[in-house]
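Visitor: predicted model follows, preceded by the sequence.
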Amino acid sequence: MLTFASQERSSAKRKELFRHLQVRSDDGHEQPGAPLQLLIDMKVRWSSTFLMLRRALDLRKVKRDADKRRKIMELELTDAEWERVQHLLSLLSYAEKAQHAFSTEQGPTLHTALPALEALHKAWSSRKDSAKYVDFSSGLEAGLTKVNEYYERTATSDAHIMAMCTSFFLC
């Protein structure tokens, strides 16, 4: 998917072709809705992979003109690959929920960190050995190791416990 997004963004001509494919129907008429650009994963943003894959899945239904899209068509994912994207999105949605629990503009969130980590650990642990997610088992294992590492760091600090206790008084 990253290769496809990179190719789409590699030139103004490809960007325009991709936009054209979104806004024109097979008979040449404009379709409603603003065209979307593919997103690229960024290592420094937790949810960027989730957002990139979700956008790609949303754009999957874009009508295609095969003559104009020969190069892009070579990069197109198969139905099996799209199914893997959906499975990965399902797994990443738990990390997305955890990230949102950690960050808000409305007040302190430290008290939500442990419950969010526990929910993420539970969700990924229950899927790790599932046949549906076998392609992602090593990634889930690495993710669970990282979640455990974060969780263990809280054992040496009373800050999380104090935050959880004081959050009950603030609510």
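Guide: Looks like it arrived, so ask away.
Visitor: show me where the protein has helices.
Guide: With DSSP state H as the criterion, the chain has helices at 2-9, 12-23, 48-59, 70-74, 79-102, 113-128, 137-153, 159-170.
Visitor: against which helices or strands is the fifth one packed?
Guide: To tie it back to what came earlier, the one meant is helix 79-102. The helices and strands touching helix 79-102, judged by 3 or more Cβ pairs under 8 Å, 6 or more residues apart in numbering; DSSP states H and E, are helix 48-59, helix 113-128. In this view, the C-beta of every residue, glycine as well, is placed from N, C-alpha and C.
Visitor: TSV please, covering the helices of the chain and showing distance to P35 and mean pLDDT.
Guide: Shown next, in TSV, are the helices of the chain (distance: least, Cβ to Cβ, whole Å; pLDDT from 0 to 100):
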stretch	distance to P35	mean pLDDT
helix 2-9	12	64
helix 12-23	4	73
helix 48-59	9	79
helix 70-74	15	63
helix 79-102	20	90
helix 113-128	34	91
helix 137-153	32	91
helix 159-170	43	62
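Visitor: mean neighbour count for the ones you listed - can I get that in JSON lines?
Guide: Shown next, in JSON lines, are these (neighbours: other Cβ atoms under 10 Å):
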{"stretch": "helix 2-9", "mean neighbour count": "15"}
{"stretch": "helix 12-23", "mean neighbour count": "14"}
{"stretch": "helix 48-59", "mean neighbour count": "18"}
{"stretch": "helix 70-74", "mean neighbour count": "11"}
{"stretch": "helix 79-102", "mean neighbour count": "16"}
{"stretch": "helix 113-128", "mean neighbour count": "16"}
{"stretch": "helix 137-153", "mean neighbour count": "13"}
{"stretch": "helix 159-170", "mean neighbour count": "12"}
